[in-house]
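Novice: I'll drop the sequence and a predicted model, then ask my questions.
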Amino acid sequence: MDSPVLRSVVSPVRFDAQRAIACARRTLVRYDGLVDRACKRAPVQGRSRMLCAALGVLAQDAGRALGASSSLPAVTEAAALLSLLTKVDDEVIDGAAFHGGPLRRGGHRALRRRVRNYLAPSLESLRTGRPAGSEARCELAAEVGRKLRALAATPDRLDRLHGVIASGWETQVRAVDLLSRHPAESSMAQVAHVTAAISGDWLLMITMVGGLPADARREVSDAEMEAFAAWGWHIQRADALADFLKDAREGLA
């Protein structure tokens, strides 16, 4: 499809690695201490922090494509923090100590409930802008929530993004269960569906921050959202290859 948002965020000509690194550094200078406290249970390593924080440029480019200008610094920082928040939770739920790995056999409903319950405080903190628990990850999620609320031109724009974020959290519930199963307990069709959703949902929610502010002429459209889902399949397969050894160690079979 011909979309200014998609052209902006996927074009290799437009992508500037130095700009992405600068975005990451600005965010981490301000928030590295909070991220440290939030990820004590399962530390997020430096390279992963840089990558996640650098993805703020997706929202920046989307915002620019949608006409935003003065709001772009706030858009970029909010999106970078949202990306970091997802990584903080992922490091815990993706670990074999949490999900049990492929030797677990069965117990899928119980595992989904455990993942959903673990993620619930960060999702509630993000929605309300107030920590839903005493953990530092709730403080980080509340900070993200306040930034998104401050950016949003209308309640409808914020609600739409919150819906995508909630869907992304639920994708993580399904992904942890499915990808940690013994291979005999899942189908290739199930794996393909959740694989596409992991990156599609994640990159979409980050990018959608660019459509929140009043100086953005519009939000990311439904058709653009569907295109992200299609790209997710290709992006997540590449990510899985890059992380193959790490995932194997964590029991993601």
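Specialist: Sure thing, it's come through. Numbers count the residues shown, from 1 in each chain.

Novice: Give me the buried positions along stretch 202-215.
Specialist: For stretch 202-215, a neighbour-count test (16 or more other C-beta atoms under 10 Å) marks 202-213 as buried. The way it works is simple: take the backbone N, C-alpha and C, and place the C-beta from them, glycine included.

Novice: what secondary structure does the residue most central in space within the chain sit in?
Specialist: For the chain, the residue nearest the mean C-alpha position is Trp202 (3.8 Å; C-alpha atoms, centre = their mean). Taking DSSP: H, G, I helix; E, B strand; the rest coil as the rule, one finds Trp202 in the helix state.

Novice: before we move on, what about Ala68?
Specialist: Taking three-state DSSP, the label given to Ala68 is coil.

Novice: so how many other residues sit close to it?
Specialist: Other residues near Ala68 come to 23 when the count uses other C-beta atoms under 10 Å.

Novice: helices or strands up against the helix or strand that Ala240 is a member of?
Specialist: If you go by DSSP states H and E, Ala240 is part of helix 222-242. With contacts taken as 3 or more C-beta pairs under 8 Å, 6 or more residues apart in numbering; DSSP states H and E, helix 222-242 sits against helix 4-10, helix 188-208.

Novice: quick one, the last one and helix 222-242 angle?
Specialist: Direction vectors for helix 188-208 and helix 222-242, defined by axes from the mean of the first three to the mean of the last three C-alpha atoms, to 10 degrees, enclose an angle of 120 degrees.

Novice: What is helix 188-208 packed up against?
Specialist: Helices and strands touching helix 188-208, by 3+ C-beta pairs under 8 Å, 6+ apart, are helix 56-65, helix 72-93, helix 155-179, helix 222-242.

Novice: mind redoing it with 10 Å?
Specialist: Secondary-structure packing of helix 188-208 (3 or more C-beta pairs under 10 Å, 6 or more residues apart in numbering; DSSP states H and E): helix 4-10, helix 56-65, helix 72-93, helix 155-179, helix 222-242.
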